[in-house]
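Colleague: Structural data only, the sequence is not supplied:
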């Protein structure tokens, strides 16, 4: 008995600390819904923000690729100054020297030109532009994947906190019941209607539940910290499920869900887009054998206001040039041929990746579907078990009062009831998360699914 008292006093500081932390969280903020915490996570989660910024960067890159099929124009201007200084050799006459010195002078040249070019036939540039548009679709699919993963991570963290809260509530209720049984056993022992064995059994159960409560409080603190970190808010308090609990119904059969997954899952759409990008890369490689044709035009203007080296007369000149620029590659050291082979192989790889993506989402969808079905059956079974466990507790309590059962039977029955309630709550959360996983596996998970769950939460 002394050892038990030392154990309880040794765990007391940690229990008080956890209780203080949990209490401070409870008073720091009002309960938040799943949708509210998800919106917070969208503006804070680094993984989602990274995917969002990557999508924006891809959009800007796609705009850059349009330059290959659009006209280009350039404007250039220049001013030069020339200082001409002519000298004569020693054999020159005085008249020659005077003539040369008269030619020493400085003059300026001013120039202005504008040019424009319009690609008429550049198959490589057109394929690059089409690739850029496909990369936008690929980035969009990747952003959808990141958003669905964030929905699932937020929901999992949300229900992890609720499960930890339910576990702590069950442990606290069990502790209260065990405490009452301990007090009753002590009274019966004092009046001589029971043995010391009942008292020691109740004391041992009380010590065990003390340790279980400390563990439950710590687990709740850890899971709340994880949710806080995910959504970027301190003191989160998820709203519990409203009673009676009404779980969403999954409609359709597994084959329908698999068909939807292979048609709409962003991973499959991304693989299909990657295959199209690979096909266009083959077109770009084959364009290495094809000619290019551009329309060109230029206008230039030159002026020498102080004359030139040979004349002091101001001169102005302008030129307009319009034409076509044709280029035909003849030989590039077999680089083009080998590039085509490379892109064809990469195209086959992209086709295999697409098939693998379809198989993966099909398998994930089937597993998610059967997990939800199993979870719903488990909830029904645990609901029946809860009713049976409650009946068992009532009958063992009555039997103990009349001397038919012993205190240990009552403690075991109560422990079974509280564990069943905890397992039932956890099974309900697993079904809710499982439905979201099924929606993610089929590619249809969106914010609307969170709104559906929000409707079955208790209002603050």
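Modeller: On my side now, so go ahead. Keep in mind the model is a prediction, meaning the values are calculated, not measured.
Colleague: which residues in the stretch 201-350 of the chain form strands?
Modeller: Remark: strands assigned in the stretch 201-350 of the chain by DSSP state E, counting those that start in this stretch are 292-304, 315-327.
Colleague: Quick check: buried residues in the first one?
Modeller: Same thing as strand 292-304. 292, 294, 304 (16 or more other C-beta atoms under 10 Å). (C-beta placed from N, C-alpha, C; glycine too.)
Colleague: relative to strand 315-327, how tilted is that strand?
Modeller: Here the directions of strand 292-304 and strand 315-327 differ by 170 degrees (axes from the mean of the first three to the mean of the last three C-alpha atoms, to 10 degrees).
Colleague: looking only at pLDDT, what's the mean for strand 292-304?
Modeller: Here strand 292-304 scores 92 as its mean pLDDT.
Colleague: try the last one
Modeller: Mean pLDDT, taken over the full extent of strand 315-327, equals 91.
Colleague: what's it packed up against?
Modeller: In terms of contacts (3 or more C-beta pairs under 8 Å, 6 or more residues apart in numbering; DSSP states H and E), strand 315-327 is packed against strand 292-304.
Colleague: packing partners for the strand it packs on?
Modeller: Using 3+ C-beta pairs under 8 Å, 6+ apart: strand 292-304 touches strand 105-121, strand 315-327.
Colleague: Could you give the separation of the last one from the chain centroid?
Modeller: If you compare the mean C-alpha spot of strand 315-327 with that of the full chain, they lie 54 Å apart, counting by C-alpha atoms, centre = their mean, to the nearest Å.
Colleague: How about the first one?
Modeller: Shown here is strand 105-121, whose average C-alpha point lies 51 Å from the average C-alpha point of the whole chain (C-alpha atoms, centre = their mean).
Colleague: Begin at 735 from now on, thanks
Modeller: Done: numbering now begins at 735, and the last item shifts to strand 839-855.
Colleague: now the angle from that strand to strand 1026-1038?
Modeller: Orientation of strand 839-855 against strand 1026-1038 (the same axes, to 10 degrees) gives an angle of 160 degrees.
Colleague: Check the last one too.
Modeller: When the same axes, to 10 degrees is applied, the directions of strand 1049-1061 and strand 1026-1038 differ by 170 degrees.
Colleague: low pLDDT regions in the protein?
Modeller: Along the chain, segments meeting pLDDT under 70 span 735-763, 817-826, 828-840, 927-928, 1041-1047, 1134, 1137-1142, 1194.
Colleague: before we move on, the earlier item: adding mean neighbour count and distance to residue 1102, write the helices and strands packed on strand 1026-1038 out as JSON lines.
Modeller: Output for the helices and strands packed on strand 1026-1038, formatted as JSON lines (neighbours: other C-beta atoms under 10 Å; distance: least, C-beta to C-beta, whole Å):
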{"stretch": "strand 839-855", "mean neighbour count": "15", "distance to residue 1102": "50"}
{"stretch": "strand 1049-1061", "mean neighbour count": "10", "distance to residue 1102": "56"}
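Colleague: Quick one, which of those strands gets closest to residue 910.
Modeller: Among the helices and strands packed on strand 1026-1038, strand 839-855 comes nearest to residue 910, with 81.5 Å by C-beta to C-beta.
Colleague: what helix or strand is the residue nearest the centre of the chain on?
Modeller: In the chain, the centroid-proximal residue (C-alpha atoms, centre = their mean) is residue 880; its distance is 2.8 Å. Element membership of residue 880 [criterion: DSSP states H and E] is helix 857-925.
Colleague: Let me see the domain layout of this protein.
Modeller: The chain breaks down by automatic domain parsing into domains covering 736-804+859-1023+1071-1188, 805-817+837-855+1025-1062.
Colleague: circling back to that earlier point, any idea how far the residue nearest to the centre of the chain lies from residue 1161?
Modeller: 29 Å (C-beta to C-beta, to the nearest Å).
Colleague: Ok, residue 1062 next?
Modeller: 72 Å.
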